[in-house]
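Colleague: I would like to see how this sequence folds:
(one chain, ligands or ions: 1)
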Amino acid sequence: MRSIVVTGDRALSGEVRVGGAKNSALKLMAAALLAPGVSVLRNVPDISDVTVMTEVLEHLGATVVRTDHALSIDATTLTGHEAPYELVARMRASTCVLGSLVGRLGRAHVAMPGGCNIGSRKVDIHIAGLMQLGVEITTEHGFIDATGRARGAHVMLEFPSVGATENLLMAASLGSGTTVIDNAAREPEIADLAALLSAMGARIDGAGTPTITIEGVDALHPADHVVIGDRIEAGTFLVAGALCEGPVTVRGFDPSHLEIVLTKLRESGASLDVGADFVTVRRTGPVRPVDVATLPFPGFPTDMQAQFMTLMAIADGDCVITENVFENRFMFADEIARMGADVRIEAHHALIRGVDALSGAPVRASDLRAGAALVLAGLVADGETVVTDVHHIERGYEDFVGKLCSLGADVRTV
Ligand code: UD1
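Modeller: Sure thing, here's the model as predicted:
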């Protein structure tokens, strides 16, 4: 089993480039199933979640060829319509083939995802939305079984679920009539998916706003698309820079996708230079305590909550981090407490009293972002931190260790 060993108290400076957004790439791969022929996705990160999604597509009969950071997805012939439990259990996001299979084949059999380390994560909003579009759905024996194509309808989401918005977008693009999704998720990854679908011939208006209108079409064609930069990977390196004072420049993403995180970093005492596709962070004074509440985009991303908690752990005072998106996303707090952080959890609030220093310890990554946040904690901890279960980190960060080393960190995988 691999671990990441971090020796703390090293200065960090220099420049890193982030890869394509994991949460975009996975859905774009599913969208490629909508058109017979070869679609090409560029700037696809080399991470294990993409490997699992490749297996899902191959299981359905598509051929996927990777050349460096490009994927050629040949969806000329699909031979199946099932996403098996074995793959969905490895990666919950595999459920995004539900929408594309309904669009392309009018048939999908997708394992229900179970619980995961950050909460129960239901799929009721996906199912209710598809049913409102006229797709027949039954859930039996642990599978969602969908039959029929989408017929235009007005769908009001109970919560702006990212995954539900994406499934509905894909299903409705290759269907009939006009679909309006209200209270849609506004994450940049939704706009990226709509950009690929539009390049494939879909007729979509309003992606990135709470109301998306889709005119169903009869057929889509393959397209060539560049994945947007990963705002969460960027945010993770910016927190690393703020922790270790910098200057650290993070390139390859759109800073407007990270606006509230940048605001909170400034409030915490960091100074930022913001360019078109980069941000440089540096810090000269103490870390100031800042309250944060996670919310759907454009609110503070839940995927940055753990990394921000690491920064607040060494703040010059007390603050509250409130988690509004997932029900159980504070498992990380117990691990960072082992490194000397003072964090108390009260329902969905974390009360943090900043300490002068963290101390290196053996800790376990409970999920992807928690894992990254523990490595960040190790960067400013006294002595050695050993993070286990690093497969979680490899799900979403390409060459995390190498990129940190290039900034001067003392980090290695053993
Ligand atoms: C996506 C991201 C994840 C991010 C999250 C919120 C991917 C692969 N993952 O996850 O990294 O943290 O958005 O920004 O893109 N919910 C329901 N019923 C549903 C659907 C969702 O109750 O049918 C609840 C979930 O349990 C959760 C909340 O809504 O508490 C948010 O879920 P959602 O926006 O759907 O997130 P994901 O698409 O799963």
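Colleague: What parts of the protein come near the ligand?
Modeller: For the chain, the residues in contact with the ligand (CB under 6 Å from any ligand atom) are 23, 26, 93, 119, 121-126, 159, 161-164, 185, 302-303, 325-326. C-beta here means a position set from N, CA and C on the backbone, and glycine is covered the same way.
Colleague: Check the gap between Ile204 and Ala128 for me.
Modeller: 21 Å (CB to CB, to the nearest Å).
Colleague: Who has more neighbours out of these two?
Modeller: Ile204 (19 against 15; other CB atoms under 10 Å).
Colleague: these two touch, right, the more buried one and Leu196?
Modeller: No: taking CB atoms under 8 Å as the definition, Ile204 is not a contact partner of Leu196, at 10.2 Å.
Colleague: wait, isn't Asn183 in contact with Met156?
Modeller: Yes: Asn183 lies in contact with Met156 (CB under 8 Å); the separation is 5.8 Å.
Colleague: who has more neighbours, these two?
Modeller: Just comparing Asn183 and Met156: by other CB under 10 Å the higher neighbour count belongs to Asn183, 17 against 12.
Colleague: what pLDDT does the residue lying closest to the more buried one once chain neighbours are set aside get?
Modeller: Among residues not flanking Asn183 along the chain, Leu157 sits closest, at 4.4 Å (CB to CB, 6 or more residues apart in numbering). Here the pLDDT value assigned to Leu157 is 98.
Colleague: Same check on Asn328?
Modeller: pLDDT, read off for Asn328, is 84.
Colleague: tally of neighbours for it?
Modeller: Neighbours around Asn328, by other CB under 10 Å: 15.
Colleague: Mind checking which of the residues of the chain next to the ligand land in helices?
Modeller: If you go by DSSP state H, those have Asn23, Leu26, Asp124, Ile125, His126, Val162, Gly163, Ala164 in helices.
Colleague: What is the burial count for the fifth one?
Modeller: This means His126. 26.
Colleague: Other residues contacting stretch 329-339?
Modeller: Outside stretch 329-339, the residues that touch it by CB atoms under 8 Å, 6 or more residues apart in numbering are 117-119, 302, 305-306, 309-310, 313, 323, 341, 343, 345, 348, 350, 358-364, 366-367, 369-370, 373-374, 377-378, 381, 385.
Colleague: Can you tell me which of these are buried?
Modeller: Buried members of those, counted by 16 or more other CB atoms under 10 Å: 118, 302, 305-306, 309-310, 313, 323, 341, 343, 348, 350, 358-361, 363-364, 366-367, 369-370, 373-374, 377-378, 381, 385.
Colleague: Got a PyMOL select line for the buried ones in the ones in helices among the residues of the chain next to the ligand?
Modeller: If you want just the buried ones from those in PyMOL, going by 16+ other CB under 10 Å, the selection is:
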select buried, resi 23+26+125+126+162+163+164
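Colleague: Point out the least confident one among the ones in helices among the residues of the chain next to the ligand.
Modeller: Among those, Asp124 has the weakest pLDDT, 93.
Colleague: center of this protein - which residue?
Modeller: With distances taken as CA atoms, centre = their mean, Asn23 lies nearest the centre of the chain, 4.1 Å away.
Colleague: nearest residue to it other than its sequence neighbours?
Modeller: Nearest one to Asn23, counting by CB to CB, 6+ apart, is Glu189 at 4.8 Å.
Colleague: Give me the neighbour count for that neighbour.
Modeller: By other CB under 10 Å, neighbour count at Glu189 equals 27.
Colleague: I figured it hits Leu169, correct?
Modeller: No: assessed by CB under 8 Å, Glu189 is found out of contact with Leu169, at 11.0 Å.
Colleague: ranges for the strands of the stretch 301-414 of the chain?
Modeller: 318-322, 342-346, 349-353, 358-359, 362-364, 381-382, 384-388, 410-413 (DSSP state E, counting those that start in this stretch).
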